[in-house]
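Undergrad: quick check, what structure comes out for this input:
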Amino acid sequence: MSSLLQLNPELDRESLAQEFERKGRLQIRDVLTFESARQLRDILTERTPWSLAIQSGSSAPTKIIPSHELAAMTPGQRRELVKDIGVAGQPDYAFAYEMYPLVTAYLERWRPGSLHERLLEDLNSAEMLTFMKDVSGMEDIVKMDGQATLYGPGHFLWPHSDAESERGRRVAYVLNLTLGDWKAEWGGYLNFYDSDWDIEQAFRPRFNCLNLFRVPQWHDVSIVTAGAALARYAITGWARNR
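TA: Numbers count the residues shown, from 1 in each chain. This next block holds a predicted model:
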């Protein structure tokens, strides 16, 4: 059975590794073959039962609206759920986006034999782990976790650093799978901040584009505007050393 993650054979790993070493972050366009990326995109758009994850405050629990409840709501009802997240009391951290937790679903056997289970297995294949090691220069990487994410109007992820050394986070990744021309005015950018909270660099959502960055780094996903004509699909997570 072929992998769902067919790497583009024309990638120059040496030059990618040099850029990652210099900057600590990297955007790799056309990282997969087109056929592989299109299949992944179809899995997200057509076969994924999305739940809504919301949190307001770093010490607050994450609230999950399960897929069967979310599917029964109108678009207006969904927007009502997220419109005040991160506003009342100005919490130190907040987010709202739709997700499918690949690791939890795999361990709890939500959908045995599904393409989502294959995806997590393929993320942890020898080929993908070797690729992550080659590009990052981190030979201690031993596994990758992941979740599928969907950002629509009103969804966002506030600034955070991903600092969590006790769980072995080494490199964060975002595999963007939005097929179409994402407009700047729609938001949804992956932003990186310097010490003065100026945006140092920003990555636009692009189809078949892998963003990698060394952790910790302060970053966010800017709010997707009401006028966004597309949804921002991605597979995100961390390469870990434990």
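Undergrad: which secondary structure elements does the one helix or strand in the chain whose mean pLDDT sits lowest sit against?
TA: The weakest-scoring helix or strand in the chain, judged by mean pLDDT, DSSP states H and E, is helix 75-82 (a mean of 91). Other helices and strands packing on helix 75-82, by 3 or more Cβ pairs under 8 Å, 6 or more residues apart in numbering; DSSP states H and E, are strand 51-56. C-beta: built from backbone N, CA, C; applies to glycine.
Undergrad: quick one: average pLDDT of the helix of greatest length in the chain?
TA: In the chain, with assignment by DSSP state H, the single longest helix is helix 34-46. Helix 34-46 carries an average pLDDT of 98.
Undergrad: give me the contacts around that helix.
TA: By Cβ atoms under 8 Å, 6 or more residues apart in numbering, the residues outside helix 34-46 that reach it are 3-6, 31-32, 115-116, 119, 148, 150, 175, 177-179, 207-208, 233, 235.
Undergrad: swap in stretch 221-228?
TA: Counting by Cβ under 8 Å, 6+ apart, 97, 151-157, 183, 185-191, 232 sit against stretch 221-228.
Undergrad: buried residues in it?
TA: Neighbour-count burial for stretch 221-228, counted by 16 or more other Cβ atoms under 10 Å, picks out 221-224, 228.
Undergrad: show me the residues you listed that map onto strands.
TA: Using DSSP state E, the subset of the buried residues of stretch 221-228 located in strands is V221.
Undergrad: can you lay out the buried residues of stretch 221-228 as TSV showing pLDDT?
TA: Formatted as TSV, the buried residues of stretch 221-228 follow (pLDDT from 0 to 100):
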residue	pLDDT
V221	98
S222	97
I223	96
V224	97
A228	97
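Undergrad: for my notes, confirm M128 occurs in a helix.
TA: Yes: looking at M128 with DSSP: H, G, I helix; E, B strand; the rest coil, it is inside a helix.
Undergrad: and for the residue nearest to W218 when sequence neighbours are not counted, the neighbour number?
TA: Spatial nearest neighbour of W218, chain neighbours left out: Y193 (4.4 Å); criterion: Cβ to Cβ, 6 or more residues apart in numbering. Y193 has 17 neighbouring residues, counting by other Cβ atoms under 10 Å.
Undergrad: distance check, Y193 against S3.
TA: 35 Å (Cβ to Cβ, to the nearest Å).
Undergrad: one more: D84?
TA: D84 is 42 Å from S3, by Cβ to Cβ.
Undergrad: the two: which has the busier surroundings?
TA: Using other Cβ under 10 Å as the criterion, D84 and S3 rank with S3 on top: 16 against 11.
Undergrad: so the more buried one touches N124, yeah?
TA: No: S3 lies out of contact with N124 (Cβ atoms under 8 Å); the separation is 10.9 Å.
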